[in-house]
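A.B. asks: Fold the following, please.
(chains A and B)
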Amino acid sequence: MSHPTTEELHDMAYGFAPADPHIVECRECDATVRAVAREKTFLREALRAPAPSRSSRWIPLAAAAALVAALGVSLLPARRIETPRALLAPQEKPFGLEDLVREASSSDELRARIAKKALRSHGGIAVDALRKAGKDGLAEEIERGGDDPELRKRLRTTKLTLSFTDAPLSEVAGFLSEFLALTVIIESGLNRLVDVNLADVTAEEALESLAEEAGVAYVLVDGTIRFQKHAPGAAGFVPVRPPASDETRRAVASAIGSLDDDSLDVRDAAARTLAEAGFAAETALWKALDSKNDTVRASCASALEKLYERRAGLSFDPPAVLAKLQGAKLTLIKTDAPFPAILEEIARQAQVPIFPDAGLDWSDERTSLQVKDITAENTLKLLVGVKGFAFAPVGNSVFVSRPDRLPVRTRPRPQSTLWLEEEHATLVALLDSADAAKLSRLSITDVAAIRWAQSRVDAQTAGQLESAVQEILAKSDRWAPDERAPIAKLSNRIKLDLQKAPAADVLKSLSKEAGVEIRLAKDAALPTVFSIQAESISIGEALDLMTLPYGCEAVEAGGAVEIRRR
Amino acid sequence: MLTTMAAPEWNRLVREHYPAVLGLARRMLGNDAEARDAAQETFARAFQHFAEFDRGRRFVAWILTIAANHIRDLLRRRRGVALDAETEGAIPDLAPPDARLLREENRAALHAAVDRLAPDLRIVVHLVFREELTYAEVASALGVTVNAVRIRLYRALGILRKELK
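C.D. replies: Below you'll find the predicted structure:
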């Protein structure tokens, strides 16, 4: 057997050369690589800690204990280094919901019209901000999903008596249509039997009781009453506002400058540029509405209106994003790095925008991660899993948050000011279809969204969705004690704080905690060291983190757990 | 020049990477006041050229390249020491590491030993271990090949092992 030279073993440990399969079989070479890796880790950790003061370079032996104590302190997060203010550029507040609310009161009719349109598109998300600004009328209109205000007023002032027993909704609708002299529309599939006995109530109260009895919603649009499946105020969208590059900003500025060009082709090209820039052009377009040039002003207004008309919807399976996440192989080494910085690096390498939830405070989130040639999807799973976060592909990007805040679970009026494309109607439509192929792709993170949708669909669809939920739960609950009695202890939760710990040591320690043998199959190849930090993680989850990203999995095998190639 | 539109991005980058630049300057210059001036100058240069920053690159690698260049000039001016004075040479005879180097009490001695390394080895050690730049990023920052980074790293390792025995 020919052994690699010590220099070659260093190359493997330092990543200058790929690992030679020989080291897996040769204990001696494996020991050398591990020793070099341990030394590398030590150097990294020691040099990341603040340097001791120069005067303490020579420390008497008697002070050794004090030094050890001091070093313990130095391993804690370093004191924040203040950034000189002179280096910082003046901040510009990004355009947002508050600006739209302010613009909605503008004396300039054009500005007010665009802002109101934008706010209506935001749906329920804009309601709180509008009420806070004293714009109750618009808030109420939005809450009712674009009510017809004249008709609403009439319903409040008209009194009637309704008495129907076991009558189809269509029969009551016919009476209302005749009595109120207006059109009543019932969405397909909602002609349910109702019992209503109301005397001398307003037409509005009658409609509300009737809708409640039939388990439907109603909306007033264009002089008609429509009974429909979903509450109107829920739908809304919030736009994605990814940070724009300087290049995009320059392109937007140049396009706005070309909106009054003599050439139609140039003007069309400028409009296309602005449309492609999306929300990166938003602030500049609002500023350009101050232009004295009517052509520029009209073109900017048109661009803004198109911008707020966008309905990207929510996709469970954005193919382009998933393809990128699954296709990009990442290599990164981060030790005690800020969580968003690691996400940024993943985004850079995978070429996919990744947005940490702006509603969460990430400033204290730090973690260590070391991956080599792992897909971006598995890297993300590894990273967010350890910290108890989750991610979801949304539109053309990936959103990272706590599982309960993932966009698919966003309530009609979320408290955060997340700027994410979202349309609950799309979500509901998708779930409504109960398409088996689509449902099979849903995961545990979608359960809350499905539950939300269940309350809004008919019983048959709700049943189909329930089956999907049960299937997801069955698939996800891999380590449930009742189902996997021999390895029940794998569901025990422990605290893990591993920094470049040798894989064998980690497995040994997990095996001890679980009280079962954990062994490596011959074909399993895991990294030599692992870094996992988790306040509370089940042993099963820890094993998943150590195996799944590397093409292996932990499976039960004769009362023990075996790590083998998938 | 930086547009006001890019200001939030710039400020975030400064806040995030100022400690790294200051850390490199301190390690290489040894003098806190001089290091702060160097960090200030590095960001001033970066600010002027921010529009040219290639978004495909990591900002930390770009800013540390600017910092390394500036520090190289300062060292040259200060005492005629060039950052790249050491040319590529042979790799020392590498032996498996001695576990004694890993002793906790060696941490303080390690910082001192790194400070005594020649500037071209010291900066490689700092960028690889402290800043965890990739070898390609270190090579790009110093204007050398990845193999040169590898050789310098192993030479530094040999010296540190000897000093900490």
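A.B. asks: Next, the contact list for the residue in the stretch 251-400 of chain A that chain B sits nearest to, please.
C.D. replies: Closest residue of the stretch 251-400 of chain A to chain B, CB to the nearest CB: A:Ile333 (5.7 Å). C-beta coordinates here come from the backbone N, C-alpha and C atoms, glycine included. The neighbours of A:Ile333, taking CB atoms under 8 Å, 6 or more residues apart in numbering or on different chains as the test, are A:369-370, B:132.
A.B. asks: Just say helix, strand or coil for it.
C.D. replies: Reduced to three states with DSSP: H, G, I helix; E, B strand; the rest coil, the structure at A:Ile333 is strand.
A.B. asks: measure it to A:Val529 for me?
C.D. replies: For A:Ile333, the distance to A:Val529 (CB to CB, to the nearest Å) stands at 11 Å.
A.B. asks: Now list whatever residues contact both of the two.
C.D. replies: The contact sets of A:Ile333 and A:Val529 overlap at A:Gln370 (CB under 8 Å, 6+ apart).
A.B. asks: Am I right that A:Lys116 is in contact with A:Ser105?
C.D. replies: No - with contact defined as CB atoms under 8 Å, A:Lys116 does not count as touching A:Ser105 (9.8 Å).
A.B. asks: And the two? Which one has more around it.
C.D. replies: A:Lys116 (23 against 14; other CB atoms under 10 Å in any protein chain shown).
A.B. asks: picking that back up, just the pLDDT for the residue of the stretch 251-400 of chain A closest to chain B.
C.D. replies: Predicted confidence (pLDDT) for A:Ile333: 83.
A.B. asks: Which strand residues bridge it?
C.D. replies: According to DSSP bridges, the residues that bridge with A:Ile333 are A:Gln370.
A.B. asks: Torsion angles phi and psi at A:Pro353?
C.D. replies: phi -60, psi 130 (degrees, to the nearest 10).
A.B. asks: burial count for it?
C.D. replies: A:Pro353, neighbours per other CB under 10 Å, totals 16.
A.B. asks: how much space between it and A:Lys324?
C.D. replies: 10 Å.
A.B. asks: next one: A:Ala104
C.D. replies: Distance, A:Ala104 to A:Lys324, using CB to CB: 38 Å.
A.B. asks: between the two, which one's more packed in?
C.D. replies: The residue with more neighbours, out of A:Ala104 and A:Lys324, is A:Ala104; 22 against 19, by other CB under 10 Å.
A.B. asks: From what I see, that one and A:Ala115 are in contact.
C.D. replies: Yes - A:Ala104 lies in contact with A:Ala115 (CB under 8 Å); the separation is 4.1 Å.
A.B. asks: Next up, the contacts around the residue of the stretch 451-566 of chain A found nearest chain B.
C.D. replies: Nearest to chain B in the stretch 451-566 of chain A, going by CB to the nearest CB, is A:Lys500, at a distance of 12.1 Å. Residues in contact with A:Lys500 (CB under 8 Å, 6+ apart) are A:37-38, A:41, A:368, A:370, A:529-531.
A.B. asks: now A:Leu330
C.D. replies: Taking CB under 8 Å, 6+ apart, we find A:Leu330 in contact with A:346, A:349-350, A:371, A:373-376, A:379.
A.B. asks: which stretches of the stretch 251-400 of chain A have low pLDDT?
C.D. replies: A:309-320, A:357-360, A:386, A:393-397 (pLDDT under 70).
A.B. asks: mind listing the strands for it?
C.D. replies: Under the criterion DSSP state E, counting those that start in this stretch, strands of the stretch 251-400 of chain A are mapped to A:329-338, A:354-356, A:366-375, A:390-394, A:397-401.
A.B. asks: try the stretch 51-200 of chain A
C.D. replies: So, for the stretch 51-200 of chain A - with DSSP E, counting those that start in this stretch - the strands run A:159-168, A:183-186, A:193-202.
A.B. asks: What is the second one packed up against?
C.D. replies: Read it as strand A:183-186. Applying 3 or more CB pairs under 8 Å, 6 or more residues apart in numbering or on different chains; DSSP states H and E, we find strand A:183-186 packed against helix A:169-180, strand A:224-228.
A.B. asks: Single out the most deeply packed of these.
C.D. replies: strand A:224-228 (a mean of 19; mean count of other CB atoms under 10 Å in any protein chain shown).
A.B. asks: Just want the residue of the stretch 201-350 of chain A that's nearest chain B.
C.D. replies: A:Arg249 (4.8 Å).
A.B. asks: quick one: which helix or strand includes that residue?
C.D. replies: Using DSSP states H and E, A:Arg249 sits within helix A:246-257.
A.B. asks: Only C-alpha atoms, please: export that helix in PDB.
C.D. replies: This file holds the C-alpha atoms of helix A:246-257, laid out as PDB (Å, rounded to 0.1, in the frame of the first residue of the first chain):
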ATOM      1  CA  ASP A 246     -26.200  50.600  -8.800                       C
ATOM      2  CA  GLU A 247     -26.500  49.300 -12.400                       C
ATOM      3  CA  THR A 248     -30.200  49.000 -12.100                       C
ATOM      4  CA  ARG A 249     -30.500  52.400 -10.500                       C
ATOM      5  CA  ARG A 250     -28.500  54.000 -13.300                       C
ATOM      6  CA  ALA A 251     -30.700  52.200 -15.900                       C
ATOM      7  CA  VAL A 252     -33.900  53.400 -14.200                       C
ATOM      8  CA  ALA A 253     -32.600  57.000 -14.000                       C
ATOM      9  CA  SER A 254     -31.600  56.900 -17.700                       C
ATOM     10  CA  ALA A 255     -35.000  55.300 -18.700                       C
ATOM     11  CA  ILE A 256     -36.900  58.100 -16.800                       C
ATOM     12  CA  GLY A 257     -34.800  60.600 -18.600                       C
END
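A.B. asks: buried stuff in it?
C.D. replies: A:246, A:248-249, A:251-252, A:255-256 (16 or more other CB atoms under 10 Å in any protein chain shown).
A.B. asks: One more: stretch B:23-42?
C.D. replies: B:23-29, B:34-35, B:38-42.
A.B. asks: swap in stretch A:260-272?
C.D. replies: Across stretch A:260-272, burial judged by 16+ other CB under 10 Å covers A:260, A:267, A:270-271.
A.B. asks: same question, stretch A:490-498
C.D. replies: Those would be A:490-491, A:494, A:496, A:498, for stretch A:490-498 by 16+ other CB under 10 Å.
A.B. asks: model confidence over it, on average?
C.D. replies: Stretch A:490-498 comes out at a mean pLDDT of 75.
A.B. asks: swap in stretch A:17-36?
C.D. replies: Averaging pLDDT along stretch A:17-36 gives 81.
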